[in-house]
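Asks: fold the following, please.
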Amino acid sequence: MSVVFIVLPVSILLALVAVVLFVLSVRRGQLDDLDTPALRMLPDDEPVEPGARTGDRDESPSPHGP
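Replies: Residues are numbered from 1 along each chain as shown. Sure, this is the predicted structure:
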């Protein structure tokens, strides 16, 4: 029973800290744009030329040998 006297205040304190951090992040605008970060990675790929084979290696000489 004495564990309840320790766990209950600790859990309430952790919940309050989580709520305060959530409110601060909302006020600072960190949760305003949820779509752009997921789409930002998509245009990083180089366009593939039609007819190019995907398994071709670069023909430039390697500094590490053949």
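Asks: CA atoms for contacts and neighbours, from now on please.
Replies: OK.
Asks: and the strands in this structure?
Replies: Counting by DSSP state E, one finds no strands in the chain.
Asks: by mean pLDDT, point me to the weakest helix or strand of it.
Replies: helix 36-39 (a mean of 75; mean pLDDT, DSSP states H and E).
Asks: where does this protein dip in pLDDT?
Replies: Scanning the chain for pLDDT under 70 picks out 42-45, 47, 52-66.
Asks: report all helices and strands that the least confident helix or strand of the chain contacts.
Replies: Helices and strands touching helix 36-39, as assessed by 3 or more CA pairs under 8 Å, 6 or more residues apart in numbering; DSSP states H and E, are absent.
Asks: run a quick neighbour tally on Gln30.
Replies: Counted with other CA atoms under 10 Å, residues neighbouring Gln30 total 11.
Asks: just to revisit the earlier point, C-alpha coordinates for the least confident helix or strand of the chain, CSV please?
Replies: Extracted as CSV, the C-alpha positions of helix 36-39 are listed here (Å, rounded to 0.1, in the frame of the first residue of the first chain):
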residue,chain,number,x,y,z
THR,A,36,4.9,19.1,-45.5
PRO,A,37,7.5,17.2,-43.6
ALA,A,38,6.2,13.9,-44.9
LEU,A,39,6.1,15.2,-48.5
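Asks: pull the longest helix from the chain.
Replies: helix 4-27 (DSSP state H).
Asks: give me the distance between Val20 and Leu14.
Replies: Distance, Val20 to Leu14, using CA to CA, to the nearest Å: 10 Å.
Asks: and if you look at Ala38?
Replies: From Ala38 to Leu14 the distance is 30 Å (CA to CA).
Asks: neighbour count for the two, which is higher?
Replies: Ranked by neighbour count (other CA under 10 Å), Ala38 and Leu14 place Leu14 first, with 12 against 9.
Asks: let me see the contact set for the more buried one.
Replies: Counting by CA atoms under 8 Å, 6 or more residues apart in numbering, Leu14 touches no other residue.
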